[in-house]
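Engineer: Need coordinates for the following:
(chains A and B)
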Amino acid sequence: MISLIVNGERHKVDAAPHMPLLWVLRDLLGLGGTKYGCGQGLCGACTVLVDGEAMRACSIPVGDLNGRRVTTIQGLESPVGKAVQAAWVELDVAQCGYCQPGQIISAVALLRQKPKPSDADIDAAMDGNLCRCGTYQRIRAAIHLAARRLGGAS
Amino acid sequence: MSRHDYAPADPSRRHFLVVSGGVGLGLTLTLAEAQAGITARTAQPGEFIANAFVTIGPDGGVTVVVKHLEMGQGVATGLPVLVAEELEVDPALVRVEFAPADASRYNNLFWGPSQGTGGSTATANSWEQLRKAGAAAREMLIEAAARILKVERSGLTALNGGVVHIPTGRRLGYGELVGEAARLKAPENPPLKPHAEFRLIGRKGVKRTDSNDKVTGAAVYGLDIRLPGMVTAVVARPPVFGAKLKDVDRKAALRVPGVVAVLVISSGVAVVAQNFWAAKLGREVLKLEWSPPTTLVSTEALRRGWTELLSQPGAVARDQGAPEASLNSGERRVTAIYEAPYLAHAPMEPLNCVVRLSRTKCEIWAGCQFQSHDQAMAAKAAGLEPSQVEINTLYAGGSFGRRANPASDYIVEGVEIAKAVGLPVRLVWTREDDIAGGYYRPMFLHGFEAALDAGGLPLVWRHRLVGQSIMENGPFAAMIKNGIDPVSVEGAANLPYAIPHLRVELHSPKTPVPVLWWRSVGSSHTAFATECFLDELAQAGGRDPLDLRRALLAEQPRHLAVLELAAAKAGWGQALPAGKGRGLAVHESFHSVVAQVVDVAIGETGKIKVERVVCAVDCGIAVTPDVVVAQMEGGIAYALSAALFGEITLKDGAAQQSNFHDYRCLRMSEMPKIEVHILPSAAPPTGVGEPGVPPLAPALCNAIFAATGKRIRTLPIGDTV
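Structural biologist: Here you go, the predicted structure:
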């Protein structure tokens, strides 16, 4: 049994240690908000926070996470998380929406580290998150908007 | 207030979009919830079902049924706006529900008796239908108010979710009128508002209805459906195109913990397990033997053979004047060959579906794009009648054409597995399955011969295309006339330029690689070839690319208008510093016309940086302009991704690409600044989802020529020049 804290709740998971966190979240814990896109850490759709750091859930064996704290799109309760989600809604960023949980998690991790990100910071932090609908321009604007709302005035 | 506040009180019939939105973490559907999600609208106590699209509850809440797939293109916003405009309600308060598969009520009016989404038709075919649906409901509510208040109808008006008696100011909310309205006969031809009175259609600031669900993880896609007792399947398909299964050794796969079955189905071998990870591990150790086809397809061999075909006459798609006789009479001859590769659609959500089968019913959950066709194909696979197949259309995580498959490939796989295993099944394609699995945008070669007159204007234009037919297999084959698949030559046969002698010919060779429509279909390659070659003719004739187009488009006011608008907004003609270039292109597709001007900067090492794209679009009336802008942005990004990087190459019978590391897609740092300008129009709406794609590649290649003097005739360009 592997013990995890997911969105503030402690779970004991009966999974092989090599099973990626993504499939533990989706298939064992029923947390479908975290998406499968590539399975190789190439697209960012599965991005979650592990102890506050953005990571690709498809590429982390759950056995490495004993006792760690995981936050998914369905558990974003922090002011930064709420501000990012609100900015996304205000600018109608999403099209198909499938990559957006991962985009939002990456944006939250960025704003926690850099409350006033430059465009170059955004490029660096967000380049691992693919969007086939091409919402990048709005994602960039929404990150700047959330930063302003949070008082970072980027 | 969100639309969820209008969720009816009885939980047994709440749609799961509402359920999931309200519950937050509730993506695990209980049986009752899952069943609630598929309920076609049937009368509930106190509810007024005005027609197939509009229902009003006793609380005044309005539900609009959306018959098209929401795959990002905004139909779950634009279509309810058409209803809300006439019904006089706030679209933000409308509850959106996806239609069940039922062609008798929810067919695409442009397709006849078939329900489906594609060809950028969703808004255009719904334009009158949904305004009438809203207006009919409104007229019945007004009549109901007249009866209840015992006043003349002429003194009543619908306003903001209620009916107001103007002389007295008395107001009845729609919820107070549903009982009376439900007793009335629906008017057949309710009056529609004149355009001047539109308060929603054409207005900026109408919010998407799906944003909230899509930023919280609550939006439900096919992969998120979980049914009691459900198992997960992945399929091992032929390793090379055209191979046939010879032998299966199931033993190793069955030893993987969690694997419950290994099944032969028509497309390959399914590994069925308790969860996705176990199914995938099972597939990895499956031992299969395949009989290869007699020839193994390769891009190199296709290119050689198809280049030969370019020198031979093909089926004639357009013939005007005397092109062959005139080719030698011009002042100057220009020839070129262009090539566009196979492309995978690669929507972010890999293909999947959930199927539950009983002896009398087949239930399907999917981001389904061809409901009627998939219903028929699923019925055949299940051994049922189409009427016994229920399709629950969910949000699709992109499609770009991939889910609109005449073979209904992933749906049929899901049904076959469910039938064989006797349990509810979730079928999942991995990203590798998607990239290497065919149903690509076909590779095309384009050969041009042109002659210019003494003034540098094109006198002759002969265009030969070589590439596979999409329509030749399946229900669309009847649309092929005289050897011409219309979607192979769209954008080429209808070249808008006034050129006296013009001929367009087509060769449609066969390969074992299945092909499919990819966002903008034929125009995805014909615009590239024709608009780049026209730029070559401008150069050869010593004319500015914009001036040449103006000279040849005198009879095409829509083309001219978007071209002038985009050129003006982009500052066409202004000098650029060394290393920068500006290019333009204009193209009509799906009855819309789009012009784009691309600014490109070439770095010291030849690195291409696309800095800005200015886009002008005439799509008739823009119902929700914000969605139109988003679709142009998205179309440009999708096209730029393909123009720079997109390429499926075939070798030894198989695709050489498998995931996003070798099928590269545009990333944040590569996204240009995009400006979109919508031409004002009072004409009925035309396509929006696809027409933003075609002009991008040629405008970019023309910009690279302007910056470097180098012509790009083969896509993809790569990241350096």
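
Engineer: So which residues of the stretch 251-400 of chain B form strands?
Structural biologist: B:259-265, B:268-273, B:287-291, B:315-320, B:332-340, B:352-357, B:362-366, B:389-393 (DSSP state E, counting those that start in this stretch).

Engineer: in chain A, which segments are predicted with low confidence?
Structural biologist: For chain A, applying pLDDT under 70 flags the ranges A:152-154.

Engineer: one step back: can the strands of the stretch 251-400 of chain B go into JSON lines with extra columns for mean pLDDT, mean neighbour count and distance to B:Val235?
Structural biologist: Where C-beta positions appear, they are placed from N, C-alpha and C, glycine not excepted. Shown next, in JSON lines, are the strands of the stretch 251-400 of chain B (pLDDT from 0 to 100; neighbours: other C-beta atoms under 10 Å in any protein chain shown; distance: least, C-beta to C-beta, whole Å):
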{"stretch": "strand B:259-265", "mean pLDDT": "98", "mean neighbour count": "19", "distance to B:Val235": "7"}
{"stretch": "strand B:268-273", "mean pLDDT": "98", "mean neighbour count": "25", "distance to B:Val235": "5"}
{"stretch": "strand B:287-291", "mean pLDDT": "98", "mean neighbour count": "14", "distance to B:Val235": "11"}
{"stretch": "strand B:315-320", "mean pLDDT": "98", "mean neighbour count": "17", "distance to B:Val235": "37"}
{"stretch": "strand B:332-340", "mean pLDDT": "97", "mean neighbour count": "18", "distance to B:Val235": "30"}
{"stretch": "strand B:352-357", "mean pLDDT": "98", "mean neighbour count": "27", "distance to B:Val235": "11"}
{"stretch": "strand B:362-366", "mean pLDDT": "98", "mean neighbour count": "26", "distance to B:Val235": "16"}
{"stretch": "strand B:389-393", "mean pLDDT": "98", "mean neighbour count": "24", "distance to B:Val235": "21"}
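
Engineer: how about the residue in the stretch 451-600 of chain B positioned nearest to chain A, what does it touch?
Structural biologist: Nearest residue of the stretch 451-600 of chain B to chain A (C-beta to the nearest C-beta) works out as B:Arg519 at 9.9 Å. Counting by C-beta atoms under 8 Å, 6 or more residues apart in numbering or on different chains, B:Arg519 touches B:345, B:400-401, B:635, B:638, B:689-690, B:693.

Engineer: can you give me the strands for chain A?
Structural biologist: Remark: strands assigned in chain A by DSSP state E are A:2-6, A:9-13, A:47-50, A:53-56, A:69-71.

Engineer: same question, the stretch 551-700 of chain B
Structural biologist: Using DSSP E, counting those that start in this stretch, strands in the stretch 551-700 of chain B cover B:580-589, B:592-602, B:608-618, B:650-651, B:654-655, B:673-678.

Engineer: residue nearest the centroid of chain A?
Structural biologist: A:Ile105 (2.5 Å; C-alpha atoms, centre = their mean).

Engineer: So that one sits against A:Thr47, correct?
Structural biologist: Yes - counting by C-beta atoms under 8 Å, A:Thr47 is a contact partner of A:Ile105 at 4.4 Å.
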